[in-house]
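A.B. asks: What would the 3D arrangement of this be:
(one chain, ligands or ions: 2)
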Amino acid sequence: MQHDPSPYDAVLLVSFGGPEAPDDVVPFLENVTRGRGIPRERLVEVGEHYFHFGGKSPINDRNREFLAALREDFAGNGLDLPVYWGNRNWGPYIGEALEQMAADGVQRAAVFFTSVYSSYSSCRQYRENLADALAGLPEGTPAIELDVLRRSFNHPGFIDAMVDATLAAVADLPDAARETAHLSFVTHSIPLAMNDASGPEGGAYELQHRSVMEEIVERVRLETGHRFRHQLVYCSRSGAPHVPWLEPDVNDHLAQLAEQGSPAVVAIPIGFVSDHMEVVWDLDTEAAATAEKLGLTYVRAATAGIDPRFVAMVRELVLERAAVERGVPTARKAEGGLPACWDRCSTDCCRNLQQGPRPAVGGVDG
Ligand SMILES: CC1=C(CCC(=O)O)c2cc3nc(cc4[nH]c(cc5[nH]c(cc1n2)c(C)c5CCC(=O)O)c(CCC(=O)O)c4C)C(CCC(=O)O)=C3C
Ligand SMILES: [Fe+2]
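C.D. replies: Ligands and ions are numbered 1, 2, ... in the order given. The predicted structure is shown next:
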């Protein structure tokens, strides 16, 4: 059977969560930063970003749209699987989703994270959240087995969406600025130590982003005949000032481009799957203002969002993993220099540097 989802009887979308009203902002930030050693000044600053948008993060609405698109994609492709949704830091929480799944008789679900790279923050922490939520279910709840879908940064569903988003942004540039424009690929900064511990052998977070960047640059060259200058840059640096994080910051990078005489820049948010706060604040508000001050033409490429290919990717990953679990040979699509990611994380993959080993779902040892 072509669309055989067995052994799965459900899909669970797991995301970060965000505040939806001004009174949510402080408790949300407390949830995010519990035990993470983030200075108070940074929290006040980030709180302001949320208050700037009326205390409401865009992320939950983006996830509601994604859920609707996913359900439509499943229905349109004869895949009869219910889709649930739970967040790490704000309602609906992962635990609430699991309780509902148990009540509905779900026994084994495939789990998709709304973040496609390896690192503690973007992968293992979600795996720990799932383990905690399973452990926190009321006594007597029937067991639910959870399989975490592989990291999907190099799946064509993501890459193709980002290639077209980049081409559209390049087309939006003034004609005179196009050939000399700089492609700035932006992702969330993380501490150097977290990057060093990411993936099974370390450094995976940065490497995966570089492979996405190089693939997009090459695909854009094939379309336009022009190989654009490009760089991987970072936003949303947090933490204590003496702790090194991945650099350069996008704003410093823009200043450097202006100094070198570049007239135009395309910001490509490959680190975010939809228009999160980092995109609407750090890029559309802050970096856009920096570029304006510097006299740079600035265009921001779209995120993958509900691009039908990105939505279909989740279905493809569910069916791929279902086949793997049934022992049926299946294609594992991947583009660029890195192979398709592993299905189960090794014991040390993206290990938690602050707390030591904690139970996590989806590992080889789980
Ligand atoms: C790699 C990564 C992703 C991408 C992967 C993924 O998508 O999961 C991501 C996503 C997100 N991060 C988000 C928000 C926040 N992240 C924070 C703090 C931190 N993020 C970190 C890393 C990442 N974060 C790290 C290393 C910290 C320091 C604290 C710690 O070591 O844990 C803080 C606290 C304040 C601050 O420190 O800035 C906030 C409010 C939102 C919601 C946005 C919205 O509302 O739309 C989203 C999607
Ligand atoms: Fe974050």
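A.B. asks: so who does the residue sitting nearest the centre point of the chain touch?
C.D. replies: Against the mean C-alpha coordinate of the chain, by Cα atoms, centre = their mean, the closest residue is Ser115 at 2.2 Å. By Cβ atoms under 8 Å, 6 or more residues apart in numbering, the contact set of Ser115 is Phe16, Ser122, Cys123, Tyr126, Val273. All C-beta spots, glycine's among them, are computed from the backbone N, C-alpha and C.
A.B. asks: Which members of those are positioned in helices?
C.D. replies: Assigned to helices by DSSP state H, the following of these qualify: Tyr126.
A.B. asks: Tabulate the contacts of Ser115 (a markdown table), appending distance to ligand 1.
C.D. replies: Output for those, formatted as a markdown table (distance: Cβ to the nearest ligand atom, whole Å):
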| residue | distance to ligand 1 |
| --- | --- |
| Phe16 | 4 |
| Ser122 | 4 |
| Cys123 | 8 |
| Tyr126 | 7 |
| Val273 | 7 |
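A.B. asks: Could you check the pLDDT of the residue lying closest to Ala181 once chain neighbours are set aside?
C.D. replies: Sequence neighbours aside, Ala264 is the residue nearest to Ala181 in space, at 4.1 Å (criterion: Cβ to Cβ, 6 or more residues apart in numbering). pLDDT recorded at Ala264 is 97.
A.B. asks: now do the one 4 residues further on
C.D. replies: Per-residue confidence at Ile268 stands at 99 (pLDDT).
A.B. asks: Next, count neighbours for it.
C.D. replies: Neighbourhood size, Ile268 [other Cβ atoms under 10 Å]: 31.
A.B. asks: what's the answer for the one 3 residues further on, then?
C.D. replies: Gly271: 27 surrounding residues under other Cβ under 10 Å.
A.B. asks: do Gln260 as well
C.D. replies: Using other Cβ under 10 Å, Gln260 has 9 other residues around it.
A.B. asks: Ok, the one 10 residues further on next?
C.D. replies: Number of residues near Ile270 (other Cβ under 10 Å) recorded here: 25.
A.B. asks: Ligand 1 versus the residue nearest to Ala181, what's the distance?
C.D. replies: 27 Å (Cβ to the nearest ligand atom, to the nearest Å).
A.B. asks: One more: Glu335?
C.D. replies: Applying Cβ to the nearest ligand atom to Glu335 and ligand 1 gives a distance of 20 Å.
A.B. asks: element containing that residue, please.
C.D. replies: Here Glu335 is covered by no helix or strand, with elements defined by DSSP states H and E.
A.B. asks: Test my guess that it contacts Phe153.
C.D. replies: No. Here Glu335 does not reach Phe153: they are 9.8 Å apart, not a contact under Cβ atoms under 8 Å.
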